[in-house]
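In: Below are the sequence and a predicted model for it; my questions follow.
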Amino acid sequence: MPKKTETKVRIRADGDVFGPNWRSRSPERAAVEAAEAAAARIATTMRKVREETRRSAGLC
């Protein structure tokens, strides 16, 4: 049976949660990180669409 590991987490008075890597996990920061990830996915999708459009039009 695998050994269960414990993760130490601290919660500050203002609600920030710090895990093993000590990065802030406030709800605001989590929302910003989610928005940044969504923006990166959208940018990647748009780049792929542009490349496919160029390829299908014979421009490259």
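Out: Alright, I've got the coordinates.
In: tally of neighbours for residue 26?
Out: Neighbours of residue 26 under the rule other C-beta atoms under 10 Å: 13. For every residue, glycine as well, the C-beta is placed using N, CA and C.
In: immediately after the helix or strand bottoming out on mean pLDDT in the chain, which helix or strand?
Out: When the helices and strands of the chain are compared on mean pLDDT, DSSP states H and E, strand 17-18 comes out lowest with a mean of 59. Using DSSP states H and E, the helix or strand that directly follows strand 17-18 along the chain is helix 27-57.
In: Which positions within that following helix qualify as buried?
Out: For helix 27-57, the neighbour count (16 or more other C-beta atoms under 10 Å) marks no residue as buried.
In: any weak-confidence spans in the protein?
Out: 1-25, 60 (pLDDT under 70).
In: Could you rerun that using 80?
Out: 1-31, 59-60 (pLDDT under 80).
In: if I look at residue 39, how far off is residue 32?
Out: Note on residue 39: its distance to residue 32, by C-beta to C-beta, to the nearest Å, is 11 Å.
In: And for residue 40?
Out: For residue 40 relative to residue 32 (C-beta to C-beta), the value is 13 Å.
In: list the residues that contact both of those two?
Out: Residues touching both residue 40 and residue 32 by C-beta atoms under 8 Å, 6 or more residues apart in numbering: none at all.
In: Would you agree residue 59 falls within a strand?
Out: No. Counting by DSSP: H, G, I helix; E, B strand; the rest coil, residue 59 falls outside a strand, being coil.
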